[in-house]
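Q: Sequence below, structure please.
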Amino acid sequence: PTRRSSDLMAPIFTRQRVAYYCTVLLIVAFAIQVFSVLKDREIGGDFMTLYAAGRVSLNYPHTQLYNLDIQETEYRKVAGPNGYSPFGYTPWFSIPLELLAHLPYAVAFGLWTVLSVFFLWVAYRLLSRSEELPSSWNNLGFLACLAFPPYLFYSLINGHPTAFALLVIVCAYILQKKGKNVLAGMTLALLSYKPTFLVFIGPMLFFTRQWKSLLGLVIGVGILGLVGLAWVGVDANIAFLKILRLYTQAINSGADIFQTEKYID
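A: Numbering: from 1, shown residues only. As a prediction, this is how the structure comes out:
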């Protein structure tokens, strides 16, 4: 008799071997970081944009947060003369970045990485508890999440706040399961730090008639919008919208400006 496919795959994906594969991926990621520092004197990838925005917020009037010339000046102080990426996140997200900007770049990136891993761990534990996964999977499951290549190489190493977005979605999901729909929607509003996250979530809540969650989302986005307005002013918010339009034009252009196949969101 022929062997079932599950029987053929079982020797490859034992718990011990999954742990081994994940550990190897983490070692490779660490080696890439070390090599990047030694060869290019560069670490953090896109975190440079976030840190530069924090420096703008710290060293200039907040109204200048989306001044592209100032952004570029601060970015080049960190990254050197090559390349530049505008800060396209919402105004309120620059508040924690300003706090990080008090630290030297390497220390700030190290702290940011630790926070990202912590957010991922909390999100995994909350979700595993909510879905009643066996406790024996706690360590191995988190290790597999951490070593997931698109997250590990494209987000964690580059300094993207993807784990924060995951934690927000997990918290909103759990709140909704408990019937706290308005609060779940307000929690989802934290995803507005990167507006593209809400392109599908907002319509999803509308078409599935989750009115309380949608109301919470609107309230939350409104509150964060007012925080951003108070933080940087009207003109800077208009400048932010112009940067979003710039990104939209760049993404939709015929030229290969962004590697959109890597976009996790």
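
Q: Any regions of the stretch 101-250 of the chain where pLDDT drops low?
A: For the stretch 101-250 of the chain, the stretches with pLDDT under 70 are 249-250.

Q: can you give me the helices for it?
A: With helices called from DSSP state H, counting those that start in this stretch, the stretch 101-250 of the chain shows them at 105-130, 138-146, 149-151, 162-177, 181-188, 198-207, 211-232, 234-251.

Q: Turn the ones you listed into a markdown table, including distance to residue 43.
A: (Glycine included, C-beta is placed from N, CA and C.) Below are those laid out as a markdown table (distance: least, Cβ to Cβ, whole Å):
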| stretch | distance to residue 43 |
| --- | --- |
| helix 105-130 | 6 |
| helix 138-146 | 19 |
| helix 149-151 | 18 |
| helix 162-177 | 18 |
| helix 181-188 | 32 |
| helix 198-207 | 31 |
| helix 211-232 | 28 |
| helix 234-251 | 25 |
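
Q: out of those, deepest packed?
A: Compared across those, helix 181-188 shows the largest average neighbour count, a mean of 23 (mean count of other Cβ atoms under 10 Å).

Q: Would you mind writing the CA trace of that helix as CSV?
A: Output of helix 181-188 as CSV, limited to C-alpha atoms (Å, rounded to 0.1, in the frame of the first residue of the first chain):
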residue,chain,number,x,y,z
ASN,A,181,-17.1,45.5,20.1
VAL,A,182,-16.8,49.3,20.5
LEU,A,183,-13.5,48.9,22.4
ALA,A,184,-12.3,46.4,19.8
GLY,A,185,-12.9,49.0,17.1
MET,A,186,-11.1,51.7,19.1
THR,A,187,-8.2,49.3,19.5
LEU,A,188,-8.1,48.8,15.7
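
Q: nearest to residue 27, of the helices of the stretch 101-250 of the chain?
A: helix 138-146 (12.4 Å; Cβ to Cβ).

Q: Counting by contacts, list what the closest one packs against.
A: Contacts defined by 3 or more Cβ pairs under 8 Å, 6 or more residues apart in numbering; DSSP states H and E place helix 138-146 against helix 15-40, helix 105-130.

Q: which other helices and strands contact the last one?
A: So the one you mean is helix 105-130. Helix 105-130 packs on helix 47-59, helix 94-100, helix 138-146, helix 162-177, going by 3+ Cβ pairs under 8 Å, 6+ apart.
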